[in-house]
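Visitor: Okay, here's the prediction I keep looking at, along with the sequence it came from:
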Amino acid sequence: MPTIHASVTQLDHSASLADVRGHRMTIDRPEAKGGQNKGPMGGEALLMGLGGCFMSNLLAAAIARDITLHEARVDIEGELVDAPPRYAAIRMRVSAHCEPVEQLTKLVTIADRGCIVANTLRHAVELSVECA
């Protein structure tokens, strides 16, 4: 399997710039935590990455099976705990207008099995996926 390369470079006292294949995202802390709120925190970006990976697999599964999806959405909740600070559980809720409607559950299962981020996190945290 290929290796994915990413870099994160300091921008100033609280913000950094993440880069993968020329795609960039600013990562920062909220003002309440000493940041400037220029972007999500790294832990928030992790949830965004999970949702993006899952969505990519969901859309690809639909196209491969000639199933129409509209307004697909993945809502993600990460439950934080301390000592050490981490996500103890991550929950995803998937909703979409699917034609035929009964195929959404199948597509979600396929996306869940193919999602690199979900497969990685599943061994580290309790990870659940459900259809809305």
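Guide: The structure has been received and is ready for your questions.
Visitor: give me the element the residue nearest the centre of the chain is part of.
Guide: Among the residues of the chain, the one closest to the centroid is Leu50, at 1.9 Å (C-alpha atoms, centre = their mean). For Leu50, the host element (DSSP states H and E) is helix 42-64.
Visitor: buried stuff in that helix?
Guide: 45-47, 49-51, 53-55, 57-58, 61-62 (16 or more other C-beta atoms under 10 Å). For every residue, glycine as well, the C-beta is placed using N, CA and C.
Visitor: So what's the residue count around Asn119?
Guide: 13 (other C-beta atoms under 10 Å).
Visitor: for the one 4 residues further on, same thing?
Guide: The local packing count at His123 equals 7, with neighbours defined by other C-beta under 10 Å.
Visitor: Next: Ala89.
Guide: 13.
Visitor: Just give the closest residue to the residue nearest to the centre of the chain, not the sequence neighbours.
Guide: Val117 (4.5 Å; C-beta to C-beta, 6 or more residues apart in numbering).
Visitor: so who does the one you found touch?
Guide: 49-50, 53-54 (C-beta atoms under 8 Å, 6 or more residues apart in numbering).
Visitor: the helices in this structure, which residues?
Guide: 42-64, 104-114, 116-121 (DSSP state H).
Visitor: how about these in CSV, adding mean pLDDT and distance to Met1?
Guide: Output for the helices of the chain, formatted as CSV (pLDDT from 0 to 100; distance: least, C-beta to C-beta, whole Å):
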stretch, mean pLDDT, distance to Met1
helix 42-64, 97, 15
helix 104-114, 97, 14
helix 116-121, 95, 10
